Every structure is written in structure tokens, then in C-alpha cells.
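Q: after the sequence you'll find the predicted model.
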Amino acid sequence: MTDVAAAFGLAVESSFPVPGLRAAELGEPLPRRRCRLWLEEARVLDRDWPFTEDERIEEESFEGEIEPSRTIDRHPELGYRLYARHFGLARVSADGSHVCCAPPDAEPWRWQRFLVGRILPIAAVLQGLEGFHASAVAWDGRAVAVLGPSGGGKSSLALRLLLRGASFVTDDVLVVEPGSDGLVAHAGPGTLGVRAPEELAVGRDSLERAGRLLGRSDKAYLEVECVSGPVALDALYFIRAGRPGAAAEVREPPHPDPLAVLASTFVLSLWTPARRRSHLDICGRLASSVRSYELIRPPGSDADELAAAIESHARSRVAGVAA
Amino acid sequence: MSTGADILHSRLKVPDHVVYRTFGDETVVVNLRSGKYHGLNPTAKQMLEVLSSSATVEDGIGDLTRELGVDEQRIRSDVAMLCQALVERGLVELGGADD
């Protein structure tokens, strides 16, 4: 039994259920880029991997440890071998069309965070799309993205905006593609990670209203309803630290900041000359065709206050465009 | 290293492995071979575009002097510095006028 779902601009054919990947209904349009997922044991997955001929392109270790906690190895023909402690092993074909996972002995939703948060974005990039470190929601078929560093409040804002009636597009990774008129934002999987302080602040009832709780680790993971197809990307909001005591506000910088756009790239390995060219193209289009704003976030500011500032600004822009 | 006179009589070419895109006022130039990113301000970008479409750097200086309305000696000095910096970073190549 194989389900097909759209995520990150890919039609994902999976031999196993993945929370957040909603199976497409009969006749529903799907992306033309395909990605097939299946499971395998780690020893089978490693059986033909040429360990002496591969190249390590990414390695991360926890402080004070020698053993890497995350690695990516590359082989020109066989593609990529990804390992993450507690999340298992995966192989991605060189063209991003096939993904084989060897999960650890853990509840599916736990290791599948690696699949949906890391492996699928890599498959999307290998298929010519580009990913940015951002969360996004939409109103009236137009998406706005919130960009900022890890822990900067992107997911909290997505949750608050969802509770204020916006449609969910993606959490943490935004995959975009040039469209006929600007850029389109592809829906990610319908999962949203909420940190404990935000979970407390928002309250249990609101959390239940936002989605179904999949489980908890460092965050509470929710399965949420997602937009059904790609949406036009209308605006970028870069989270910036504000002065203590100041009010949250949206500012329009005089010019787009190339470094801010380039530095928001999600997949920071897998560079080839072709990808650098297409990445620069997409970043240039982001700067020229999508309006950029700064969301000023003073220390201790309330996520709902920030969400209200974005909602009011985004809605007034859409109304202005319509008028 | 090219001398000032060499540069002036050369033709400046942006190689195929170098791409650039404009982000508002700033232009980002990428050397696809080295993977390094560089920034150009609006004047440097204008100089690069004019020089790379001129038969020689010397011809480009004439056009830039007219376009920017700045003293030719200053343009000449700035162009020489820019060309040197771009060549050192592998972002342009200098060849003969007939290349």
C-alpha cells in the first residue's frame, strides 16, 4: 500500500504512514517531481555503500564529544548517506527521487522528524528546488514567511497566526520555486513544533484547536491542517531584536539585505555549481519580487503581539494590492 | 600581476563560472568554482557592466566618465583598482582586445 502526498514541492510516495503527510485524494493535482520513500534495515542500507570512496560533506558533534552526532556522506553515483543519532540512517539518491530510511527503535513520529525536517528538504533541493529557514502561513492564497535563527520564534509565530485564522503552510523549512509571477511557496508537511514556554503560554485548549498532539520531546509536536497546494509568496518578515521596552512593530528597510536572504538558506551542504547558480537566481528573485520587512521583537515580547503585528500588516498589504 | 597600462589595453570578460544578481542596491557575485560570494556596490556594478561590454577597459573608462559625470582621472584610478580586485578574486579575466 503506497500513499502519495505533496510536501516541499514533491509528490511523496510512501510505503509507510508519515504524520503530516496527508494522502492525496483521487484526482487531486500533485507536484511533477516525485520522491519515493521506503524502509529498510540499516545493515541492508549500508551493504553497498562504498565507505572508502565517499566524501564527508557535513559533520556535527555535541560539545565535548568525538563521535559525530550527525553526518552526511556523498558518493557521485549513489547519492547521499545521512546519519543522525537517535533518528537513524537514510540514503537519498543523487537526484533526490528515492529515499530509503533505516529508523531506530523509536516511535515513528520521533524519527520521522528527521525525515520531514531534514531528509525531504534535501531531496527537494536535489530536485532543483530551494529551501529557506522559515515558517510560513497564508491568507487568501498568499503566503507570508517568517525568517530568523533557530529559537528565534518562527514556530511560535506560525502557531499564533494559525490560531488567528491563517492557513498553515510550513514550519521551519520553506521550499520555494520560481512561478509565472514571482515565487511560489510549497506547503511543507503539516507538522508544527512548539517549545514548552510557548505551549504553556498558549494553553491546552488553544493547542488542541491548532492540531493533534503527536508527542513531546524537546518540543510538543502537532499535526496540523495544511494548505493543499502551492501559494504565491507575498512577503518575508525577518525577526530582528528590538530595544527593551519598545513595542513590537513591522518596519520596511530601504533595500533588501542580500546577506539576510542568503544566510537564510536551509541546506548548507550539497553545493554544486548548478545549485549555486539556481540558488543565487532564487535569492535574487526573493529580493526583487517578494517584499521584505523587519519584524522588531523587543526582549520579552508576547508572541501574540508579534503575530497581531504581522497579521495586521500582511492583511493591509493584501487589501492595498486588491484596492 | 597586471600593470595599470596592461589593464587599460585589455578586454575585460566575466567568465562563465561567475554569475551575479542584484539585490536592491547591492550586487552579489559568485565564483561557482571557488564557491565564494562577493558584494559590489552600485557604482562597482555599473563599472563591471560597462567594462565587460566595452572593447577595452580604456574604452569603458570613456563611457563611465560620461555616465557618472566624474573626473576621468578619478574614474581611471577607481577602474584600475576594481579590475585588480576582480582579477585577484577570479571574478573577471583580462585578455587582448581581439580575444
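A: Received, thanks.
Q: quick one: the strands in chain B?
A: For chain B, strands defined by DSSP state E occupy the ranges B:11-13, B:18-23, B:26-31, B:36-40, B:93-95.
Q: counting by contacts, list what the fourth one packs against.
A: Helices and strands touching strand B:36-40, as assessed by 3 or more Cβ pairs under 8 Å, 6 or more residues apart in numbering or on different chains; DSSP states H and E, comprise strand B:26-31. Glycine gets a C-beta too; all of them are placed from N, C-alpha and C.
Q: name the nearest residue to A:His33, ignoring sequence neighbours.
A: Quick fix: residue A:33 is Arg, not His. Spatial nearest neighbour of A:Arg33, chain neighbours left out: A:Gln127 (4.6 Å); criterion: Cβ to Cβ, 6 or more residues apart in numbering or on different chains.
Q: so the one you found sits right up against A:Ala11, yeah?
A: No. Here A:Gln127 does not reach A:Ala11: they are 10.7 Å apart, not a contact under Cβ atoms under 8 Å.
Q: excluding its backbone neighbours, what's nearest residue 76?
A: If you meant another chain, say so; for now it's chain A. Once flanking residues are discounted, A:Pro76 sits nearest to A:Ala94: 7.2 Å by Cβ to Cβ, 6+ apart.
Q: to clarify, I was referring to chain B.
A: Distances taken as Cβ to Cβ, 6+ apart place B:Ile61 nearest to B:Arg76, at 5.6 Å, with adjacent residues excluded.
Q: and for A:Glu199?
A: Leaving aside its chain neighbours, A:Glu199 sits nearest to A:Ala220 (5.0 Å; criterion: Cβ to Cβ, 6+ apart).
Q: report the contact partners of the one you found.
A: By Cβ atoms under 8 Å, 6 or more residues apart in numbering or on different chains, the contact set of A:Ala220 is A:193-194, A:196, A:199, A:207, A:213.
Q: make it 10 Å
A: A:159, A:192-196, A:198-199, A:202, A:207, A:211, A:213-214 (Cβ atoms under 10 Å, 6 or more residues apart in numbering or on different chains).
Q: cool, and B:Ala44?
A: By Cβ under 10 Å, 6+ apart, B:Ala44 lies in contact with B:26-27, B:29, B:38, B:78-79, B:81-82, B:85-86.
Q: of those residues, just the buried ones, PyMOL syntax please.
A: The following PyMOL line selects those of those that are buried, judged by 16 or more other Cβ atoms under 10 Å in any protein chain shown:
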select buried, chain B and resi 26+27+29+38+78+79+82+86
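Q: quick check: the farthest pair among the contacts of B:Ala44?
A: B:Glu26 and B:Val79 (19.6 Å; Cβ to Cβ).
Q: how big is the angle separating the lengthiest helix in chain B from strand B:26-31?
A: As assigned by DSSP state H, the longest helix anywhere in chain B is helix B:72-88. For helix B:72-88 against strand B:26-31, the angle by axes from the mean of the first three to the mean of the last three Cα atoms, to 10 degrees is 40 degrees.
Q: residues contacting A:Glu40?
A: Taking Cβ under 10 Å, 6+ apart, we find A:Glu40 in contact with A:46-47, A:89-91, A:100-103.
Q: emit the PyMOL select command for whichever of these are buried.
A: To isolate the buried ones among the contacts of A:Glu40 in PyMOL, judged by 16+ other Cβ under 10 Å, type:
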select buried, chain A and resi 89+90+91+100+101+102+103
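Q: just the contacts of A:Glu40: which are in strands?
A: Counting by DSSP E, the contacts of A:Glu40 place A:89-91, A:100-102 in strands.
Q: show the pLDDT at B:Met1.
A: Looking at B:Met1, its pLDDT stands at 51.
Q: same check, this time on A:Thr2
A: At A:Thr2, pLDDT is 73.
Q: contacts only, for A:Phe266.
A: Counting by Cβ under 10 Å, 6+ apart, A:Phe266 touches A:117-118, A:121-122, A:124-125, A:130-134, A:172-175.
Q: do the same with A:Glu199
A: A:Glu199 touches A:156, A:159, A:206-207, A:213, A:216, A:219-220, A:222, counting by Cβ under 10 Å, 6+ apart.
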